[in-house]
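Peer 1: my questions concern the predicted model and sequence given below.
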Amino acid sequence: MEVTGAIDHETRCRHYSGRLDRIAIKFYCCGAYFSCIQCHEEYGCGARKIWPREAFGEKAILCGSCQTELTIHTYLTGENKCPICGEAFNSGCVLHHHLYFDV
């Protein structure tokens, strides 16, 4: 599991550093975890691609609290919290799903 960019121990970055900003997304294009699209643009492969719906069963979401990898489907259909540790995720992330997933 490759986690990249300037992130803290709960996957927060300089762009998203609120208490609930605790997920990283494995980018479909390069297979590396980044906290946000801006971090991928700064540190990533330069060939951003979104996750297709048929791949939503892949583990591509990292909970920054417990370090569990979740499937995209679990993340997108969950209750905005980690199903393993129960820590809440930022509800505003839904506004950016189209940047990462074919929703």
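Peer 2: Done, it's in. Residues are numbered from 1 along each chain as shown.
Peer 1: only C-alpha atoms from now on, for both contacts and neighbour counts.
Peer 2: Will do.
Peer 1: look up phi and psi at the residue nearest in space to the middle of the chain.
Peer 2: What sits nearest the mean C-alpha location of the chain, by Cα atoms, centre = their mean, is Ile25, with 2.4 Å. Phi and psi for Ile25, reported as degrees, to the nearest 10, are phi -120, psi 130.
Peer 1: partners of it in the sheet?
Peer 2: Counting by DSSP bridges, Ile25 is bridged to Phe34, Ile61.
Peer 1: what's around Ile23, how many residues?
Peer 2: Other residues lying near Ile23 total 27 when counted by other Cα atoms under 10 Å.
Peer 1: is it in contact with Leu62, as I believe?
Peer 2: Yes: counting by Cα atoms under 8 Å, Leu62 is a contact partner of Ile23 at 5.4 Å.
Peer 1: show me where the chain has its helices.
Peer 2: For the chain, applying DSSP state H gives helices covering 37-43, 72-77.
Peer 1: quick one: closest of the ones you listed to Ser17.
Peer 2: Closest approach to Ser17 among the helices of the chain is made by helix 37-43 (12.5 Å; Cα to Cα).
Peer 1: related to what we said a few turns ago, can I get the helices of the chain in TSV with distance to His15, mean pLDDT and mean neighbour count?
Peer 2: Below are those laid out as TSV (distance: least, Cα to Cα, whole Å; pLDDT from 0 to 100; neighbours: other Cα atoms under 10 Å):
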stretch	distance to His15	mean pLDDT	mean neighbour count
helix 37-43	7	92	16
helix 72-77	21	98	17
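Peer 1: and those as a markdown table, adding distance to Ile50?
Peer 2: Below are these laid out as a markdown table (distance: least, Cα to Cα, whole Å):
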| stretch | distance to Ile50 |
| --- | --- |
| helix 37-43 | 11 |
| helix 72-77 | 12 |
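Peer 1: out of these, which is closest to Cys66?
Peer 2: helix 72-77 (14.4 Å).
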